[in-house]
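S.K.: The sequence and its predicted three-dimensional model are supplied below.
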Amino acid sequence: MPQDKAREDLQATAARAREFEDPHENRMPIPRYVLAMVAVLVAWGAWYIATAPIDQPSALGDRRTVADLQGKPKGAGSAVDGAAVYQSRCVACHQATGQGLPGVFPPLAGSEWVAGKDATMAQIVLRGVTGKLTVKGTAYNGAMPAFADQLNDAEIAAVLTHVRSQWGNSAPAVSAETVAAARADTAAMKAPFDGDAALGTPGG
């Protein structure tokens, strides 16, 4: 029996000798150079925040402000950017190319409505359109929202002027006075125009 016990002890000792030691982190699990880099970054971040000119007005990377992108004048006497109004209000439906979406939203490029009477265009933007509207020989049955409560006369004039001078269009500019007159003429409207039936012809 003592020999058996001695043999088992020898086998256990041999088995332990074949095993690797368990891993351990010692007292410094993170390398010192990593801790040093973290400390430097934290110190730099604190310095940057403390010295940043936070009292200056913010601006976008291309130096335009939020007011620019919304198509609103930055101050008295500033002109409204019609392209910015188009980007914020119209591009989702009529697209950046002015081609619209086939069968859904009509094109503005080469549209007889865009080249037509400026007052009619102003009324369309002010009050919106539903029902059948024929553009370049194609009938569209979508719905254009009214912008009378969203855009002022100068903004509507600016975006119409922009549309009438883009994508091959060459119609004259639209004035804020024309839009104001169209707003007054259609003030009693409670619903959008009923397409061709209500608007007649583009030059009418």
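M.R.: Great, that's in hand.

S.K.: longest helix in this protein, by residue count?
M.R.: Secondary structure of the chain per DSSP state H: the longest helix is helix 32-51.

S.K.: Run the chain-centre distance for that helix.
M.R.: 35 Å (CA atoms, centre = their mean, to the nearest Å).

S.K.: count of neighbours near residue 13?
M.R.: 9 (other CB atoms under 10 Å). (Glycine included, C-beta is placed from N, CA and C.)

S.K.: For it, what is the enclosing helix or strand?
M.R.: helix 2-18 (DSSP states H and E).

S.K.: pLDDT averaged over that helix - what is it?
M.R.: The average pLDDT within helix 2-18 is 72.

S.K.: and what of stretch 155-168?
M.R.: 93.

S.K.: For residue 129, give me its contacts.
M.R.: 143, 144, 192, 193, 194, 195, 199 (CB atoms under 8 Å, 6 or more residues apart in numbering).

S.K.: who's in contact with residue 202?
M.R.: Neighbours of residue 202 in contact, by CB under 8 Å, 6+ apart: 112, 113, 115, 116, 117, 120.

S.K.: Just give me the closest of the residues you listed to residue 19.
M.R.: If you rank the contacts of residue 202 by distance to residue 19 using CB to CB, residue 113 comes first, at 86.0 Å.

S.K.: burial count for that closest one?
M.R.: Counted with other CB under 10 Å, residue 113 comes out at 20.

S.K.: Could you do residue 153 as well?
M.R.: 21.

S.K.: ok, residue 131 touching residue 194?
M.R.: Yes: with contacts counted by CB atoms under 8 Å, residue 131 reaches residue 194, the gap being 4.6 Å.

S.K.: Neighbour count: these two, which is higher?
M.R.: The neighbour count for residue 131 versus residue 194, taken as other CB under 10 Å, is higher for residue 131 (17 against 13).

S.K.: Just give the nearest non-adjacent residue to that one, would you?
M.R.: Once flanking residues are discounted, residue 131 sits nearest to residue 195: 3.5 Å by CB to CB, 6 or more residues apart in numbering.
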